[in-house]
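Engineer: A predicted structure for the sequence below; I have some questions about it.
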Amino acid sequence: MSRKGSFFLTNASGKFILLLLSILIGYVAVLILSVLTLFLYASLTGSGPISYSDYMNQGDILLAFNSAISVLTFLLPSLVTAYLITPTPSEYLSTRSFSPSCILPLTILSATILIPFTSLLASWNDAIPFPEWMSVIENAFREQQKMLADMTTKLTIMNDMNGLFVVLFCIAVIPAICEEFFFRGFVQRFIQELTHKKHLAVWITAAIFSAIHFEFFAFFPRLLLGAWFGYLLLLTGSIWITVAAHFTNNAVFVILMYLQQRGILGKEAEEFGTGETLWVTYAALLLFIGLQWIIQRQAKKA
């Protein structure tokens, strides 16, 4: 017997508990999978006993593990919960096709030209001063940031084009689909139904989206990105447009990392859009605003 929509009449707290249970099951599955693959790795390589930290320090394994976490704790919980609480889960998650077709390339272009501005915001975020009495908290945030930066370095080692495509798939494709289905597809819709305020739902979801990445010194640029994704969903009614925007943001980062590793771009590329080239960032921001106006006009025609 199909269980589709079997919890349709459940109140908001019941639906939220269903989501939490789905996430918990996902995390348990991740733990079981990590233990099983730890033993499988030792067996296949003949390396004998290996510590969990050494196992997770290997870039390819870390990529696969992060992808599994995204699928099991973001994508599956949103799909399962939507399936249980509504007879039309695809409509609930806004998986309908988008129109007109020009919205997709405009969104991809918007995500690309917004990157210098988000990078500038990140530098401002990083420079936020902490009072002396909060030095312990600041140090903890700095250590967390360093740990995440080290992890990113391990995840984005690309020796050739094959490595580039693997990293693009694991860092851009999978997170874009999994996180957008969870945050914009489910959480934003759920909060909007709960509060009956779509703008509040966009910003609360964006704040959760940013906070869950545990990067205080990148909180505000990710908050604004999340809000933009949320408004794209409101404008177009299609989760695939927000997936495209999210993918593009991550993919450009990966490609720039690849070009730096190959020596095609130098470290100075990271400072493009600041200092003497600050005008580029503001020009890109104005172009981005113009593109959003066009997207809004095109979406209203649909």
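Structural biologist: Looks like it came in fine.
Engineer: Now do residue 177 against residue 275, distance only.
Structural biologist: Separation of residue 177 from residue 275 (C-beta to C-beta, to the nearest Å): 36 Å. Quick note: C-beta positions are derived from backbone N, CA and C, even for glycine.
Engineer: Between these two, point out the one with more neighbours.
Structural biologist: Taking neighbours as other C-beta atoms under 10 Å, residue 177 and residue 275 compare with residue 177 leading, 20 against 7.
Engineer: ok, that one - contacts?
Structural biologist: Contacts here follow C-beta atoms under 8 Å, 6 or more residues apart in numbering; on that basis residue 177 touches 75, 243.
Engineer: can you pull the buried residues of stretch 108-123?
Structural biologist: Residues of stretch 108-123 classed as buried under the neighbour-count rule (16 or more other C-beta atoms under 10 Å) are 108, 110-122.
Engineer: Please, which helix or strand holds the nearest residue to residue 81 once chain neighbours are set aside?
Structural biologist: Once flanking residues are discounted, residue 81 sits nearest to residue 19: 4.7 Å by C-beta to C-beta, 6 or more residues apart in numbering. Here residue 19, judged by DSSP states H and E, is contained in helix 12-45.
Engineer: Who are the packing partners of that helix?
Structural biologist: helix 52-56, helix 59-70, helix 76-85, helix 188-195 (3 or more C-beta pairs under 8 Å, 6 or more residues apart in numbering; DSSP states H and E).
Engineer: tell me the mean pLDDT over it?
Structural biologist: For helix 12-45, mean pLDDT is 78.
Engineer: and that helix with helix 76-85, angle?
Structural biologist: 140 degrees (axes from the mean of the first three to the mean of the last three C-alpha atoms, to 10 degrees).
Engineer: from memory residue 108 sits against residue 249, does it?
Structural biologist: No. Look at residue 108 against residue 249 with C-beta atoms under 8 Å: they stay out of range, at 9.9 Å.
Engineer: Against which helices or strands is the strand or helix carrying residue 279 packed?
Structural biologist: Assigned by DSSP H and E, residue 279 belongs to helix 278-301. On a contact count with 3+ C-beta pairs under 8 Å, 6+ apart, helix 278-301 meets helix 103-113, helix 115-126, helix 219-236.
Engineer: need the least confident one among those helices, by mean pLDDT.
Structural biologist: When I compare these, helix 115-126 is least confident, with a mean of 88.
Engineer: Would you map out the domains in this structure?
Structural biologist: Domain segmentation of the chain under automatic domain parsing yields 1-92, 97-301.
Engineer: among those, which gets the worst mean confidence?
Structural biologist: Across the domains of the chain, domain 1-92 gives the lowest mean pLDDT, at a mean of 76.
Engineer: Could you check how far the closest residue to residue 110 other than its chain neighbours is from residue 272?
Structural biologist: Excluding the flanking residues, the one nearest residue 110 by C-beta to C-beta, 6+ apart is residue 291, at 4.7 Å. Taking C-beta to C-beta as the measure, residue 291 falls 20 Å from residue 272.
Engineer: same check, this time on residue 124
Structural biologist: Where residue 272 is concerned, residue 124 sits at a distance of 16 Å (C-beta to C-beta).
Engineer: So which of these two has more stuff around it?
Structural biologist: Using other C-beta under 10 Å as the criterion, residue 124 and residue 272 rank with residue 272 on top: 15 against 11.
Engineer: Enumerate every residue touching the more buried one.
Structural biologist: 116, 280.
Engineer: Now the phi/psi pair for residue 215, please.
Structural biologist: Main-chain dihedrals, residue 215, degrees, to the nearest 10: phi -130, psi 90.
Engineer: what's the neighbour count on it?
Structural biologist: By other C-beta under 10 Å, neighbour count at residue 215 equals 18.
Engineer: do the same with residue 14
Structural biologist: Using other C-beta under 10 Å, the number of residues around residue 14 comes to 11.
Engineer: Check residue 209 too.
Structural biologist: Neighbour tally, residue 209, other C-beta under 10 Å: 24.
Engineer: buried sites along the strand or helix carrying it?
Structural biologist: Secondary structure from DSSP H and E places residue 209 in helix 198-211. By neighbour count on 16+ other C-beta under 10 Å, the buried set for helix 198-211 is 201-206, 208-210.
Engineer: Closest one to residue 139 out of these, please.
Structural biologist: Using C-beta to C-beta, residue 210 comes nearest to residue 139 of those, at 21.1 Å.
Engineer: wait, doesn't the closest one sit right on residue 216?
Structural biologist: No. In this structure residue 210 lies outside contact range of residue 216 using C-beta under 8 Å: 9.5 Å.
Engineer: If we only consider the buried residues of helix 198-211, which is nearest to residue 130?
Structural biologist: residue 210 (18.7 Å).
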